[in-house]
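Undergrad: The following block contains a protein sequence and its predicted model.
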Amino acid sequence: MTNTYKVTVLNMGHVDIESSLMKRGWNCGQMMTIPQPCVAVEGNGLKILLDTSYRSLAWIDEYCGAVNNGKDEDDGSLVTAMAKIGWKPEDVDYVVNTHLHYDHCGQNNVFKGLKTKFIITRTEWEFAQHPTPNLVYCYYPHLFNIESANPDQIVLIDGEYELADGIICFPTPGHTKGHQSVLVNTEEGVVCYAGDAANLTANLHENVIGNIIYDTASSIRSLEEIRRRSEFVICGHEPSLKNFQSGGFARTHEG
Amino acid sequence: MAKYKVTMLKMGTLNGEKSNMTMGRNFGITTEIPMFSVAVEGNGHKIILDTGIKSLEWARVNLGEMYVIEQEEDETMEGALAHIGWKPEDVDIVINTHLHYDHCGSNHLFKNAKFYVQRAEWEAAFNPVENQQCFYFEELFGWSAVRYTSWKFLDGEAEILPGIKLIPFGGHSVGSQGVFIDTEDGVVCFAADTIGVLENLYENCLPNIMTNVEDGFKTFEIVRNNADFVIPGHDPVMKKYQTTDFPKVDKIR
Ligand SMILES: [Zn+2]
Ligand SMILES: [Zn+2]
């Protein structure tokens, strides 16, 4: 019998972004407000965090230029959000980074020197050192290198990877070269945390990819891999996600 | 070494073209093609090999004119399990030899099981070659039938329990596998459709639903080298609830 886990959305805040970056060709030139969530997974004696959002709004201001209308939830800190579900940083066994964009590994540093292992694809790790020019603005080595995590905490994986019974990381390249998504078995069914392989639920339902991109063909293919494997989905920047939501996730398959 | 008890479960009968079972022979003859699953018990496990069709109703809607199907009351998966005193939720392991509709049709019943299949078969099932498209139905093996986290994908040979070995079988489909089980009498191989009828093995005559023929012939050798007895997937010589006297791999011996 496969283990089940409890899945909880922890949102660090919202920023505004141009809409067609989230869904190619959609509302070009119009801004939309998106959340910057992480996902807490608990069960089977394990505490696992999927992504760590951004470092802080002030950090974005300093490194990426002005934040567009950024608003923190609470103080925007992962430690605060975790405390609300009864977690301390030292409890966390694994952090899975879907990819190493600044808004997905920003608070990895919370776990530096602890027992926490960071699960990252080897391809993403290598790509993050030398990203393609269009994605350079998304990668900041100090967020994931020794300044934020000790080398012995980094676990580089290749291909599909069963992290624990009922939790599977699988490659979903396209948004970046080494992107991965995570499947979690829950009471209701298998939930896929898509990361930015699907920014919005609409990417999956309409089979339209985002436009912050490494490779379009693999990005489309990744949407199909998510559909094959899951019943529910948590997309990386879906506006309808609620902070601390722990059920009633969007259906991967429309209708 | 653990020894297991093996019981034949009949999943109904197709009436169809006999030459489908034997390449280049028996043309134009309509024959009874029984479908079999196998219950395996021992070492604290209840295991099902293949799960038959989903239901008679499903077959009528989805297979159309291809076959006429009959199913007695104890030839549904639930009916057959009840006959041997099992409930679907007791089964902790399901092994799919391959993902044709008559081998994974009742996968959805086994909520507590881990499902073993070759990854190559899983991948091929979503994009079958032209001549096999009529055998694969995503609703039978996809997310709505089996949770992805319940699959155990294999890349090649694996001894999943002491005395239960899975070996890739080329030929019938891209990623078929045979199941080799230790019993009191010797090693029994459930060959499913790579040896659909004994004539395939005894006369070195391939089944006619085929991918690569060279792989198909190699499979016969694998069975000859690794098993004492063989259970074909669709041979009328097999009996409902049979537990002993399985056909010998070497007919002469
Ligand atoms: Zn991203
Ligand atoms: Zn078959």
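TA: Great, that's in hand. Ligands and ions are numbered 1, 2, ... in the order given.

Undergrad: Does the helix or strand hosting residue B:6 pack against any helices or strands, and if so which?
TA: Counting by DSSP states H and E, the secondary-structure element that holds residue B:6 is strand B:5-17. Secondary-structure packing of strand B:5-17 (3 or more Cβ pairs under 8 Å, 6 or more residues apart in numbering or on different chains; DSSP states H and E): strand B:30-42, strand B:68-70, helix B:77-83, strand B:176-183. Using the backbone N, CA and C atoms, a C-beta is placed for each residue, glycine as well.

Undergrad: Quick check: which of these is buried the most?
TA: Highest mean neighbour count among those (mean count of other Cβ atoms under 10 Å in any protein chain shown): strand B:176-183, with a mean of 24.

Undergrad: The helix or strand that it is followed by: which residues count as buried?
TA: Following the chain from strand B:176-183 toward its C-terminal end, the next helix or strand by DSSP H and E is strand B:186-192. Of the residues in strand B:186-192, B:187-192 count as buried by neighbour count, 16 or more other Cβ atoms under 10 Å in any protein chain shown.

Undergrad: Just put these in CSV and tack on pLDDT.
TA: Below are those laid out as CSV (pLDDT from 0 to 100):
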residue, pLDDT
B:187, 98
B:188, 98
B:189, 98
B:190, 98
B:191, 97
B:192, 95
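
Undergrad: of all those residues, which comes closest to residue B:80?
TA: Looking at these and their distance to residue B:80, the nearest is residue B:190, at 15.4 Å (Cβ to Cβ).

Undergrad: Relative to residue A:166, how far out is that closest one?
TA: Distance from residue B:190 to residue A:166, counting by Cβ to Cβ, to the nearest Å: 28 Å.

Undergrad: do residue A:154 as well
TA: When distance is defined by Cβ to Cβ, residue A:154 is 24 Å away from residue A:166.

Undergrad: out of the two, which sits in the busier spot?
TA: Neighbours per residue (other Cβ atoms under 10 Å in any protein chain shown) separate residue A:154 from residue A:166, with residue A:166 holding more: 23 against 17.

Undergrad: before we move on, the earlier item: nearest to ligand 1, of the helices and strands packed on strand B:5-17?
TA: Smallest distance to ligand 1 across these (Cβ to the ion): 39.0 Å, for strand B:176-183.

Undergrad: Name the strands paired with that closest one and say parallel or antiparallel.
TA: On the basis of DSSP bridges, the sheet neighbours of strand B:176-183 come out as strand B:164-169 (antiparallel), strand B:186-192 (antiparallel).

Undergrad: now the angle from the longest one to strand B:5-17?
TA: Right, strand B:186-192. Comparing the axes of strand B:186-192 and strand B:5-17 via axes from the mean of the first three to the mean of the last three Cα atoms, to 10 degrees yields an angle of 30 degrees.

Undergrad: show me what contacts residue B:240?
TA: B:8-10, B:74-75 (Cβ atoms under 8 Å, 6 or more residues apart in numbering or on different chains).

Undergrad: filter those to the buried ones?
TA: B:8-10, B:74-75.

Undergrad: closest point of the stretch 151-255 of chain A to ligand 1, which residue?
TA: Nearest residue of the stretch 151-255 of chain A to ligand 1, counting by Cβ to the ion: residue A:196, 3.8 Å away.

Undergrad: What parts of the stretch 51-200 of chain A come near ligand 2?
TA: Contact residues of the stretch 51-200 of chain A with respect to ligand 2, defined by Cβ under 5 Å from the ion, are absent.

Undergrad: Show me the strands in the chain, by range?
TA: All of this is about chain A. Counting by DSSP state E, chain A has strands at residues A:6-18, A:31-43, A:46-50, A:71-72, A:94-96, A:117-121, A:154-157, A:161-164, A:167-171, A:180-185, A:190-195, A:232-235, A:250-251.

Undergrad: Hmm, no, I was thinking of chain B.
TA: Ranges of strands in chain B, per DSSP E, are B:5-17, B:30-42, B:45-49, B:68-70, B:93-95, B:114-118, B:151-154, B:158-161, B:164-169, B:176-183, B:186-192, B:229-232.

Undergrad: In terms of mean pLDDT, which of those strands ranks lowest?
TA: Among these, strand B:68-70 carries the lowest mean pLDDT, at a mean of 87.

Undergrad: now stretch A:73-85, how far from the centre of its chain.
TA: Taking Cα atoms, centre = their mean, to the nearest Å, the mean C-alpha location of stretch A:73-85 is offset from the chain mean by 17 Å.

Undergrad: which residues are contacting the helix or strand bottoming out on mean pLDDT in chain B?
TA: Least confident helix or strand of chain B, by mean pLDDT, DSSP states H and E, is strand B:68-70 with a mean of 87. In this structure, residues lying in contact with strand B:68-70 by Cβ under 8 Å, 6+ apart are B:12-16, B:53, B:56, B:59-60, B:63.

Undergrad: And the furthest pair within these?
TA: Greatest spatial distance in the contacts of strand B:68-70: B:16 and B:56, 15.4 Å, computed using Cβ to Cβ.

Undergrad: Just want to know which of these two has more residues nearby.
TA: Between residue B:16 and residue B:56, counting by other Cβ under 10 Å, residue B:16 is the more crowded of the two (19 against 14).

Undergrad: Next up, the contacts around the residue nearest to that one when sequence neighbours are not counted.
TA: Nearest-residue entry for residue B:16: residue B:67, 4.6 Å, with adjacent residues in sequence omitted and distances by Cβ to Cβ, 6 or more residues apart in numbering or on different chains. Each residue near residue B:67 by Cβ under 8 Å, 6+ apart is listed here: B:14-16, B:33, B:59.

Undergrad: how about a cut-off of 10 Å?
TA: Residue B:67 is in contact with B:13-17, B:20, B:30, B:33, B:59-60, B:102, counting by Cβ atoms under 10 Å, 6 or more residues apart in numbering or on different chains.

Undergrad: What residues does the stretch 1-150 of chain A have near ligand 1?
TA: Counting by Cβ under 5 Å from the ion, the stretch 1-150 of chain A comes close to ligand 1 at residue A:101.

Undergrad: now do 6 Å
TA: A:99, A:101, A:104 (Cβ under 6 Å from the ion).

Undergrad: Let me know the closest of these to ligand 1.
TA: Scanning those for proximity to ligand 1, where the rule is Cβ to the ion, the winner is residue A:101, at 3.5 Å.

Undergrad: Next, the contact list for the closest one, please.
TA: Neighbour list for residue A:101: A:51, A:54, A:124, A:128, A:131, A:135, A:137-140, A:143, A:175-176, A:179, A:195-196, A:212, A:236 [criterion: Cβ under 10 Å, 6+ apart].

Undergrad: Select only the buried ones of those residues in ChimeraX?
TA: Entered in ChimeraX, the line below selects the buried ones among these, by 16+ other Cβ under 10 Å:
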select /A:51,54,124,128,131,135,138,139,140,143,175,176,179,195,196,212,236
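
Undergrad: Go ahead and measure how far stretch B:142-161 is from the middle of the chain.
TA: The offset between the C-alpha centroid of stretch B:142-161 and the centroid of the whole chain comes to 15 Å, using Cα atoms, centre = their mean.

Undergrad: Mind listing what's buried along it?
TA: Of the residues in stretch B:142-161, those buried by neighbour count under the rule 16+ other Cβ under 10 Å are B:142-143, B:145-151, B:153-154, B:158, B:160-161.

Undergrad: And for stretch B:3-18?
TA: By 16+ other Cβ under 10 Å, the buried positions in stretch B:3-18 come out as B:4, B:6-14, B:16-18.

Undergrad: so how many other residues sit close to the closest residue in space to residue B:173 that isn't next to it in sequence?
TA: Computed as Cβ to Cβ, 6+ apart, the closest residue to residue B:173 that is not its neighbour in sequence is residue B:98, at 4.5 Å. Residue neighbour count, defined by other Cβ under 10 Å, stands at 27 for residue B:98.
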